[in-house]
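A.B. asks: My questions concern the predicted model and sequence given below.
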Amino acid sequence: MHLDLKFPEHWDDIGSGQLQSAIARLGESLEQQVGQVAATEDEEELFSDLFDREYGFFWTIYSKVRAKNGRVTWADGGVRHFLRAPVQRILTLGLLSGDPSKYFISLRRYLESFVNNTMDVESFTLARALWESRAEGIKSAIGDSWLKKAPPELRPEIGRQYNEFVKFVDKYLKLRFSVIESGAEQSAFARDRIDLSLPGVHRPIGSHHLIRQVFQEIEDIFVSIGFSVVEGPEIETPYYNFEALNIPEFHPVRDDMDTFYLELPKGAKTPLLLRTHTSPMQIRTMEKQKPPVRVIVPGKVYRRDNPDATHSFAFHQIEGLAVDTDITFCDFTGTIEYFVRQFFGASVKTRFRPSYFPFTEPSIEFDVSCPFCGGTGNSNGGTCSKCKGAAWIELFGAGMVDPAVYGFVNYDAKKVSGFAFGIGIDRLAMLKYGIDDIQVFFQNDVRFLRQFP
Ligand code: PHE
């Protein structure tokens with residue numbers, strides 16, 4: 001098992017205090033990862049990731065603190081915390097197991113990998129403090145948490161092992177110190193540094209989440225025909241989420257969008273809620289910008305839905321909005337058809353059905369012929385599992401912008417016209433990639449994520 005630590009992105013720019021807390025956080029994550037280790041060979045890998053010469057995670061931290069503070073000492077709370085984190089974890093595991101004596105080996109491995117990789121007096125001094133500092137060193141910690149707390153019948157055995165361990169570590173430290181003092185190590189190190197044949201430290205590289213990939217795919221298609229991408233806040237006011245979209249208070253469609261309101265201090269100017277759709281960005285965009293407007297808005301939205309295979313209280317949409325002086329229903333259908341063909345393939349057919357949204361008039365629901373059975377409803381001699389035999393798949397809601405909406409953003413409804421659409425990304429991704437449970441998008445199980453590198 002390899003260590004996975006996320007360093008802050010801009011930590012050359014952060015202040016000393018923030019550096020300390022960043023390191024403390026890394027320490028916590030380290031403590032957790034050490035806690036997950038079961039097999040001893042795993043431990044070795046983990047600790048070598050940490051202390052492997054210059055390349056170990058610890059040395060990265062070491063050099064950062066050095067760059068900030070000049071010297072790194074045991075008094076440095078962040079560093080101390082970080083170095084202590086695995087120790088803490090091992091001590092706890094030992095205690096919980098009922099027989100701490102089996103865990104001396106882990107402590108030994110940890111200390112050894114650190115001590116072995118100290119290069120100079122400064123780093124060696126840290127290692128020595130980690131061992132024998134009175135307040136927080138490993139030596140006294142074993143006494144406090146294993147010896148004193150051990151059941152009486154185990155105490156002699158733990159005590160015996162403890163004494164042996166102390167002898168061993170003291171000797172080990174002495175040896176290392178003489179190597180460092182003689183300078184032998186430094187020149188050996190200098191030789192080592194250019195040994196390119198040494199295997200490197202494995203740092204796992206992540207990939208984009210499937211949802212992010214689908215966003216990207218869709219953004220590329222719309223950008224190629226002149227749309228630009230804007231993003232908006234996930235916390236909205238009722239004005240943007242509803243009223244300015246021509247959904248007055250007590251309008252029944254609000255029921256479908258039941259959502260999360262934030263608890264605010266008394267006297268707050270306006271209620272706040274998690275946006276139920278990306279449509280508020282239609283308003284925000286038009287408030288800021290005169291026509292022509294051509295934007296898409298990718299983002300997260302929220303509704304008070306109970307989670308099941310097709311519902312989640314958080315999901316993703318891409319809003320689209322085009323407004324200009326001469327936009328017709330033909331531009332609208334043409335744009336959407338272009339998008340669908342790019343996304344699903346040239347052979348799909350499209351169809352519109354009348355629908356209702358307060359902020360579009362006319363409103364439509366947009367279907368594509370099922371791309372998986374070629375719009376026949378049958379596949380492999382049976383009913384198509386994707387469209388359930390319907391031959392059509394319902395894709396998203398859209399329509400021509402209702403002139404009433406222009407009133408809210410000071411557009412002249414007599415001069416401009418436009419269209420808007422709201423695409424549900426999760427649904428689209430599920431369709432295209434044959435995923436039958438929306439929850440997998442949010443569970444972040446790597447076995448799922450790895451299938452979409
Ligand atoms: N906002 C609508 C929804 O979430 C979708 C939509 C967007 C419909 C734009 C028409 C125009 O259901």
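C.D. replies: Good, I have the coordinates. Numbers count the residues shown, from 1 in each chain.
A.B. asks: helix/strand/coil for the closest residue to the ligand within the stretch 301-450 of the chain?
C.D. replies: The ligand sits closest to residue 422 of the stretch 301-450 of the chain, with a gap of 2.7 Å, by C-beta to the nearest ligand atom. Every C-beta, even on glycine, is put in place using the N, C-alpha and C of the backbone. Classification of residue 422 using DSSP: H, G, I helix; E, B strand; the rest coil returns strand.
A.B. asks: Pretty sure it sits against residue 321.
C.D. replies: No: using C-beta atoms under 8 Å, residue 422 is not in contact with residue 321; the gap is 9.8 Å.
A.B. asks: Between those two, point out the one with more neighbours.
C.D. replies: Between residue 422 and residue 321, residue 321 has the larger neighbour count (other C-beta atoms under 10 Å), namely 24 against 21.
A.B. asks: Let's verify that one: helix, strand, or coil?
C.D. replies: strand.
A.B. asks: If it is in a bridge, with which residues?
C.D. replies: As for beta bridges, residue 321 partners with residue 295, residue 420 under DSSP bridges.
A.B. asks: next one: the longest helix anywhere in the chain to chain centre, how far?
C.D. replies: Longest helix in the chain, counting residues (DSSP state H): helix 155-182. Offset of helix 155-182 from its chain centre (C-alpha atoms, centre = their mean, to the nearest Å): 42 Å.
A.B. asks: What is that helix packed up against?
C.D. replies: Secondary structure elements in contact with helix 155-182, counted by 3 or more C-beta pairs under 8 Å, 6 or more residues apart in numbering; DSSP states H and E, are helix 104-116, helix 121-132, helix 138-142.
A.B. asks: Going by neighbour count, list what's buried in the shortest one.
C.D. replies: Neighbour counts using 16 or more other C-beta atoms under 10 Å place 138-139, 141-142 of helix 138-142 among the buried residues.
A.B. asks: tell me what it is packed against?
C.D. replies: helix 77-97, helix 104-116, helix 121-132, helix 155-182.
A.B. asks: what sits up against it?
C.D. replies: 87, 91, 107, 111, 130-134, 162, 165-166, 169 (C-beta atoms under 8 Å, 6 or more residues apart in numbering).
A.B. asks: one step back: and of the helices and strands packed on helix 155-182, who's closest to residue 383?
C.D. replies: helix 104-116 (57.5 Å; C-beta to C-beta).
A.B. asks: got the angle for the closest one vs helix 121-132?
C.D. replies: For helix 104-116 against helix 121-132, the angle by axes from the mean of the first three to the mean of the last three C-alpha atoms, to 10 degrees is 160 degrees.
A.B. asks: what angle do helix 104-116 and helix 77-97 make?
C.D. replies: The directions of helix 104-116 and helix 77-97 differ by 160 degrees, with the same axes, to 10 degrees as the criterion.
A.B. asks: got the buried residues for helix 104-116?
C.D. replies: Of the residues in helix 104-116, those buried (16+ other C-beta under 10 Å) are 104, 106-107, 109-116.
A.B. asks: could the residues you listed go into TSV alongside distance to residue 215?
C.D. replies: What follows is the buried residues of helix 104-116, written out as TSV (distance: C-beta to C-beta, whole Å):
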residue	distance to residue 215
104	51
106	44
107	47
109	44
110	43
111	47
112	47
113	42
114	44
115	48
116	47
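A.B. asks: Mind picking the two most distant members of those?
C.D. replies: Across the buried residues of helix 104-116, no pair lies farther apart than 104 and 116, at 17.7 Å, counting by C-beta to C-beta.
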